[in-house]
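J.: what would the 3D arrangement of this be:
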Amino acid sequence: MGSDAGGERAATMYSLLGTAKLNGVNPEAYLGHVLERIADHPVNRVDELLPWNVKL
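T.: This is a model prediction of the structure:
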């Protein structure tokens, strides 16, 4: 990972994608969905992008 911070970021991504999988969401499709929307999504509604709230 290159550094402690890089390792922490990687762990966060692995955890998020693992959670998507546990919620029956295709991790690749989930990541694409979130990346398409995150730039314009209000920060106070980020919970709408969590794996258990996304319907793909």
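J.: in terms of pLDDT, where does the residue nearest to the spatial centre of the chain sit?
T.: Residue closest to the average C-alpha location in the chain (C-alpha atoms, centre = their mean): L16, at 4.8 Å. With respect to pLDDT, L16 scores 92.
J.: next one: the one 5 residues further on
T.: Per-residue confidence (pLDDT) for K21: 96.
J.: so which elements touch the helix or strand containing it?
T.: According to DSSP states H and E, K21 maps onto helix 4-22. Packing partners of helix 4-22 (3 or more C-beta pairs under 8 Å, 6 or more residues apart in numbering; DSSP states H and E): helix 27-37. The C-beta positions use only the backbone N, C-alpha and C, and glycine is treated the same way.
J.: pretty sure the residue nearest to the centre of the chain sits against P51.
T.: Yes. The pair L16 / P51 is scored as a contact, 7.2 Å apart, by C-beta atoms under 8 Å.
J.: low-confidence ranges in this structure?
T.: 1 (pLDDT under 70).
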